[in-house]
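Engineer: Test case, fold it:
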Amino acid sequence: MNTARLREEITWWGRSLFERGLTSGTSGNISVRCTEGYLMTPTNSCLGRLDPARLSLLDASWRHIGGDEPTKEIALHRPFYAARADVGAVVHLHSTYSTALSCRSDIDTGDALRAATPYVVMKIGTVQVLPYARPGSDLLEPRIAELARTCSGVLLGNHGPIVAGGTLQAAASALEELEEAAKLSFVLQGLPVRHLTAEEIDELKAVFGAK
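Structural biologist: Numbers count the residues shown, from 1 in each chain. A predicted model of the protein is given here:
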């Protein structure tokens, strides 16, 4: 897909995510890999009101070469691209249920979502939680880098989800599924639940290529 089309796609997905309440204010950011390097949403921009012409353009070495100043959370995106050639887009939001899950002190940080349905396993695989670090902290990039090769989505502790995919549609759809699974975990809290077995999860990962 050419860069002009990618600009339109970022704008469309930003508006869609914003209008459906998956992000608010100036929170969240999107990046895609492009011919020149990377396109990203600008710093302090509202995903619901993006201007395609003003999206930040960075070269392959992450130097800013066009458009507005890029998001200050570049470090959340860069490790996924560095670790995997198949990553074409990364989406980070502060969606309500996933962010709420990232704030809980009683979840398994190695597997934040005990699977009750197949879909988050199919789209992402195992979702791990990283320890809290302030937004923009130098601790975030190396922590994400440790997981980026073997996972497609993580929860940043007390912050929110970040998901990588082969395309922007794939990354955004996977993040939507993560949000839905997080919502289900709250709805089902305290109720008797049949969770998927380890064998069923392994089968899903093998069939759908999830990490």
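Engineer: Now for A112: which residues touch it?
Structural biologist: 101-102, 127-129, 155 (Cβ atoms under 8 Å, 6 or more residues apart in numbering). Every residue, glycine included, has its C-beta placed from N, CA and C.
Engineer: oh sorry, the question was meant for E19
Structural biologist: Applying Cβ under 8 Å, 6+ apart, we find E19 in contact with G48.
Engineer: what separates it from L155, distance-wise?
Structural biologist: According to Cβ to Cβ, to the nearest Å, E19 and L155 sit 24 Å apart.
Engineer: Leaving out sequence neighbours, find the closest residue to G136.
Structural biologist: K72 (5.5 Å; Cβ to Cβ, 6 or more residues apart in numbering).
Engineer: so the one you found sits right up against L140, yeah?
Structural biologist: No: taking Cβ atoms under 8 Å as the definition, K72 is not a contact partner of L140, at 11.3 Å.
Engineer: neighbour count winner among those two?
Structural biologist: A count of neighbours by other Cβ atoms under 10 Å puts L140 above the other of K72 and L140, at 22 against 13.
Engineer: hmm, back to that, what sits against the residue nearest to G136?
Structural biologist: 43, 135-136.
Engineer: can you check L17 too?
Structural biologist: 23, 28, 47-48, 91, 93, 172.
Engineer: Counting neighbours, which of these comes out on top?
Structural biologist: V91 leads the contacts of L17 on contacts (other Cβ under 10 Å) with 33 neighbours.
Engineer: in terms of contact, does it touch Q169 like I think?
Structural biologist: No: taking contacts as Cβ under 8 Å, V91 lies outside contact range of Q169: 10.3 Å.
Engineer: residues shared between the contacts of these two?
Structural biologist: With Cβ under 8 Å, 6+ apart, V91 and Q169 have common neighbours W13.
Engineer: H195: what secondary structure?
Structural biologist: coil (DSSP: H, G, I helix; E, B strand; the rest coil).
Engineer: separation between it and V90?
Structural biologist: For H195, the distance to V90 (Cβ to Cβ) stands at 29 Å.
Engineer: for T96, same thing?
Structural biologist: 20 Å.
Engineer: quick one: which of these two has more around it?
Structural biologist: The residue with more neighbours, out of T96 and V90, is V90; 28 against 17, by other Cβ under 10 Å.
Engineer: My reading is that that one lies in a strand. Confirm?
Structural biologist: Yes: V90 forms part of a strand when assessed by three-state DSSP.
Engineer: Grab the nearest non-local neighbour of it.
Structural biologist: Among residues not flanking V90 along the chain, H77 sits closest, at 4.3 Å (Cβ to Cβ, 6+ apart).
Engineer: ok, the nearest residue to L93 once chain neighbours are set aside - contacts?
Structural biologist: Closest residue in space to L93, ignoring its immediate chain neighbours: G28 at 4.3 Å, by Cβ to Cβ, 6+ apart. For G28, the contact set (Cβ under 8 Å, 6+ apart) comprises 17, 22, 41, 47, 91-94, 160.
Engineer: what ranges do the strands span in the chain?
Structural biologist: 29-34, 37-40, 56-59, 64-66, 89-92, 128-130, 153-156, 160-165 (DSSP state E).
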